[in-house]
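**Student:** Quick check, what structure comes out for this input:
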Amino acid sequence: MMGKVILTFLMLNTVFLIGYSVGRRMGLKQGEKQGYNQGKALLRLKANTSRTCPICNKTASGVTRN
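**Tutor:** Alright, predicted model coming up:
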């Protein structure tokens with residue numbers, strides 16, 4: 001009887017840990033992709049609003065806004 005309880009506990013614990021590790025890896029990949037995309041969008045927004053390059057701080061010369 002005690003062997004079945006221990007075996008059941010180990011099986012449930014193993015399933016939980018496998019699910020946790022898979023979910024964590026998927027979440028990290030998703031977060032990295034989302035952060036990369038947001039970073040690009042923020043750089044574009046900053047460049048368009050200030051008309052300067054956020055990386056090298058050069059101003060856009062000869063560019064007119066409509």
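
**Student:** On the three-state scheme, L17 is what?
**Tutor:** Assigned state for L17: helix (three-state reduction, DSSP: H, G, I helix; E, B strand; the rest coil).

**Student:** Give the burial count for it, as a bare number.
**Tutor:** 10 (other CB atoms under 10 Å). To be clear about C-beta, it is placed using only N, CA and C from the backbone, and glycine gets the same treatment.

**Student:** Enumerate every residue touching it.
**Tutor:** Contacts for L17 were tallied using CB atoms under 8 Å, 6 or more residues apart in numbering; there are none.

**Student:** Would you mind measuring from it to F9?
**Tutor:** Relative to F9, L17 is positioned 12 Å away (CB to CB, to the nearest Å).

**Student:** So for those two, which residues contact both of them?
**Tutor:** Joint contacts of L17 and F9 (CB under 8 Å, 6+ apart) do not exist.

**Student:** Do a quick rundown of the helices in the chain.
**Tutor:** Taking DSSP state H as the criterion, the chain contains helices spanning 2-50.
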